[in-house]
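Undergrad: how would this look folded up:
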Amino acid sequence: MTAPLSLAPNLTEQATAQLRRAILATRLAPGATISESGVADLTGLGKAPVRAALARLADEGLVQPLPRRGWVVSPVTVRDIHEVFGLRALIEPEAARLAAGRVDAAALEQLDAVCRCGYDPSDAESALAFLEANTAFHVAVAELGGNRRLARTLARLLDEAARMLVLGLSARDRTGEMQTEHGTLIAALVAGDGDAAAHAAAAEIAASRAMVTEALLNPCSTARVGA
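TA: As a prediction, this is how the structure comes out:
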């Protein structure tokens with residue numbers, strides 16, 4: 001009996017989620033070559049959903065096809081850093097400015113959750129979990145500003161930044177600094193000080209950008225650097 005067609009998208013979604021997480025956590029390193037059979041072994045799924053998952057991730061820019069050779073995990077380049085963090089610097093401080101004075105007790109509890117997130121510098125999965133909480137923090141701030149499109153745009157940028165930040169944190173643990181920066185931003189939001197909130201957001205972006213750039217330019221870094 002033929003299996004219900006609805007099962008295929010579910011398997012594709014499973015393969016996509018597993019492969020995306022492996023790439024973001026750098027278990028599949030930038031520049032690594034991969035094959036459909038290798039990904040099938042990694043995910044425990046068949047080649048058909050794996051092939052569809054790779055196509056999806058190619059659309060997201062996380063993998064690139066290699067004719068007759070399989071696939072390569074997209075390198076993280078200096079240009080990628082400049083573009084992603086440059087865009088964050090343009091929109092995120094304004095999102096924080098819009099959110100100032102709009103924080104209530106329940107929202108504050110949600111925003112502060114990232115500051116209690118545990119982190120093990122030796123574990124890339126731990127870094128990714130921290131960064132997922134970090135994304136939730138910054139998207140929540142943007143949503144408080146009331147501009148849903150801005151919040152969605154920021155969420156996509158933070159997804160792109162995740163792999164860069166995992167690589168950066170593998171070279172230098174900045175999670176404690178980030179927690180302190182979040183506390184500074186929360187204080188400005190609660191006080192209704194838009195200028196201070198924007199400054200706090202800009203300062204965190206600049207510091208994270210410097211961390212990632214330093215990691216990628218370090219010869220001992222696991223990242224593949226391009227132009």
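Undergrad: now do the strands in this structure.
TA: Applying DSSP state E to the chain gives strands spanning 33-34, 63-66, 70-73.
Undergrad: any chance of those in TSV, with distance to L150, mean neighbour count and mean pLDDT too?
TA: (C-beta placed from N, C-alpha, C; glycine too.) Formatted as TSV, these follow (distance: least, Cβ to Cβ, whole Å; neighbours: other Cβ atoms under 10 Å; pLDDT from 0 to 100):
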stretch	distance to L150	mean neighbour count	mean pLDDT
strand 33-34	35	16	92
strand 63-66	29	16	92
strand 70-73	30	20	92
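Undergrad: was I right about L62 contacting R20?
TA: Yes - contact criterion Cβ atoms under 8 Å: L62 and R20 qualify, at 6.6 Å.
Undergrad: ok, back up a step: can you put the strands of the chain in TSV and add distance to R51?
TA: Compiled in TSV, those are given as follows (distance: least, Cβ to Cβ, whole Å):
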stretch	distance to R51
strand 33-34	12
strand 63-66	11
strand 70-73	10
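Undergrad: low-confidence ranges, this structure, go.
TA: 1-9, 105, 118, 121, 219-227 (pLDDT under 70).
Undergrad: quick one, domains of it?
TA: 7-73, 78-217 (automatic domain parsing).
Undergrad: pick the most buried one from the ones you listed.
TA: Highest mean neighbour count among the domains of the chain (mean count of other Cβ atoms under 10 Å): domain 78-217, with a mean of 18.
Undergrad: report the contact partners of the residue nearest the centre of the chain.
TA: In the chain, the residue lying closest to the centroid (Cα atoms, centre = their mean) is A162, at 2.2 Å. Neighbouring residues of A162 by Cβ atoms under 8 Å, 6 or more residues apart in numbering: 24, 128, 131-132, 135.
Undergrad: appreciated, that's everything.
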